[in-house]
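**Q** Dropping a prediction and its sequence here:
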Amino acid sequence: MPNVGKPSKGCKVCRDRRLKCDGKRPSCGQCMRINKECYGYRDPLNLMFKNENAVVVRRANRRYQEIAKGKATVRHWNSSEALDSDATTPGSSCASSVASFQHNTGSSSSSMYGENITWELMPRLEDQAIAFFLARYVQTPGLVPRGQFEYLPQIIGQEGTEKILQTSVTAAGLACLGNATKCEFVSKRARQEYVAALAMTNKALSKPETAREDSTLISVLLLGLYENFTFRTKDSQHAWTRHINGATALLNLRGPEQLSDNLRRKVFSQVFGAILLTCLQNRSEVPQSIMDLWESGLSVHDYSYNTTGRSWTVTMIRFINNVINLSKDSTSLPSSMVATVLTLDHDLDALNSQIPSIWKPETMDLEDSTAYVFGTFYHVYSDPWIIQMWNNLRAVRMNLHTILREQLLKSLAQDSPSSDRRAREAQIAASEEAMRTTALTICASVPQLTGQIPFPNSPDASSVHPDLRCSDLYEPDDPRFQLHPPGTFITASQSTGLSFLSWPLYFAGKLEIASPSLRSWVIDRLFYIGLQIGSMQAVVFAEELKAMKRQGSGFEFRKDKQPGDGVDI
């Protein structure tokens, strides 16, 4: 009951006139003095209770109407402002989060008793975060028996999942969800979970028996991803590298026995791929012990349906390792480096010619330009992992020709004019053309990863014919394979592999010879990626390229360059 104050014991006349009543009986003194009839006094027992039903009904109706009018609207993000933390306040960011992940339950009604109020059951924030992570980072094997975190849903769905793994997944999920929604509260919860997961991981690493467990290695990998999600500057790459170094030590500790178990083999393959990519980015050598472990696992036939694909993948990994070893070479003479690079580039052409037909992309030409495609064509691939493989090779090729160009320019600056100067200048021009063409093919892979076109239905792996091509899996006139707006074919049930795209795009955009138009397009796509997968790493890359663009480096080149005109990779 509401507090309405102490009720007056005076008669009605005194209460109306707001006078102090002496309470005399049968008539009070004030009424006798003015010759008014005194109506007596109220029963004190009745004054203990007051009917406030009407007041409460009016107040509730007014409140429900305010809620109904104040429904939050979902904010439509512009790629140029996506995840721009400098321009966002905690209040606005959390409003965006509420609009995206909560539903209003208020409704207007003429009576608080007129309708039943339906309350929606909302999943816990932690469950939403894990679902967000799984939808964007779990890649199940398809045409190629390679995936990413495909084992996580089954592991964390089991009863009795280890706390270290559950906390690590939650930390990673909250981090990318907080970035995507720009909600400081979610990001704060992510930091809390990260600290807890880090403490549990360090405790597990202190004992050899727990350090060898699958949950420990997977947690180290997830905590490394957390560092990528919370990327703030290029120096944040060191934190990711430290986690990869820790994972490398754990692979050595687990030894060859880990390759005899299906789950452990999947984890090894994923960590090994991360080690290769990190070494390529940092121009550091792949530990020989890791290469030996990988070589010892080649007897496991997970490519049994396609011996060509298996042998090609093995050759590709060995080739990438050779390029990494070349990248870290800082002592050889320019002439020696040039000869080695040209040999490796020739080997890459030979490797490209041996790739299985179904792994090769189909080129779709555009009649009209569009903001979502750079150039006049885009590619259709049969599997997300195949796009990752191609783009990694393209990054390797750009790295090779960057080294070749640097060494040739160095030799031209050091040597006096000679007869082979013209040949070296011609090779510089050829390397620049190779880098431009390779950058265009990376851009051509973007539409499928950003959900503008779907992936074809892959055939059963055991029934793949050597001559089967990607174009045999879909009808070119199928309207689904015409360009749609970004995100059209991104679903919560299957990742497109968008998380694989940040580094190749960044490599293409940061080329010294990259044109301003290419760099602008890459910046826009990186902002989109950062918003979709909740990764600050993509945003930091975009900001760095924006700074390069302001400096005015780069020059324009043809957008209609087709694979085959130069370097087809």
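**A** Noted; the coordinates are in hand.
**Q** separation between residue 224 and residue 206?
**A** Separation of residue 224 from residue 206 (C-beta to C-beta, to the nearest Å): 19 Å. (C-beta placed from N, C-alpha, C; glycine too.)
**Q** Confirm residue 447 sits in a helix?
**A** Yes: assessed with DSSP: H, G, I helix; E, B strand; the rest coil, residue 447 lies in a helix.
**Q** Report how many residues lie close to it.
**A** Residue 447 is flanked by 21 other residues according to other C-beta atoms under 10 Å.
**Q** Mind checking what helix or strand follows the lowest-mean-pLDDT helix or strand in the chain in sequence?
**A** Counting by mean pLDDT, DSSP states H and E, the chain has its least confident helix or strand at helix 90-101, which shows a mean of 45. Going down the chain from helix 90-101, the next helix or strand is helix 125-137, by DSSP states H and E.
**Q** Quick check: residue 473 touching residue 465?
**A** No: here residue 473 does not reach residue 465: they are 11.9 Å apart, not a contact under C-beta atoms under 8 Å.
**Q** shaky segments in the stretch 101-250 of the chain?
**A** Along the stretch 101-250 of the chain, the parts satisfying pLDDT under 70 run over 101-120, 234.
**Q** go with 80
**A** 101-122, 141-146, 157-161, 233-237 (pLDDT under 80).
**Q** all helices for it, in order.
**A** 125-137, 152-156, 163-181, 184-205, 208-211, 214-229, 236-254 (DSSP state H, counting those that start in this stretch).
**Q** can you put those helices in JSON lines and add mean neighbour count?
**A** JSON lines is the format used below for these (neighbours: other C-beta atoms under 10 Å):
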{"stretch": "helix 125-137", "mean neighbour count": "20"}
{"stretch": "helix 152-156", "mean neighbour count": "15"}
{"stretch": "helix 163-181", "mean neighbour count": "26"}
{"stretch": "helix 184-205", "mean neighbour count": "18"}
{"stretch": "helix 208-211", "mean neighbour count": "12"}
{"stretch": "helix 214-229", "mean neighbour count": "24"}
{"stretch": "helix 236-254", "mean neighbour count": "18"}
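**Q** Compare those and give me the one nearest residue 380.
**A** Proximity to residue 380 (C-beta to C-beta) singles out helix 125-137 among those, at 21.7 Å.
**Q** name the helices or strands packed onto the closest one?
**A** helix 152-156, helix 163-181, helix 184-205, helix 516-533 (3 or more C-beta pairs under 8 Å, 6 or more residues apart in numbering; DSSP states H and E).
**Q** Which positions within the longest helix anywhere in the chain qualify as buried?
**A** Counting by DSSP state H, the longest helix found in the chain is helix 384-414. Counting neighbours by 16 or more other C-beta atoms under 10 Å, one finds that the buried residues in helix 384-414 are 384-408, 411.
**Q** Contact partners for the nearest residue to residue 189 once chain neighbours are set aside?
**A** Spatially, and ignoring its direct neighbours in sequence, residue 189 is nearest to residue 174 (5.2 Å; C-beta to C-beta, 6 or more residues apart in numbering). Residue 174 makes contacts with 125-126, 129, 186-187, 189-190, 193, as judged by C-beta atoms under 8 Å, 6 or more residues apart in numbering.
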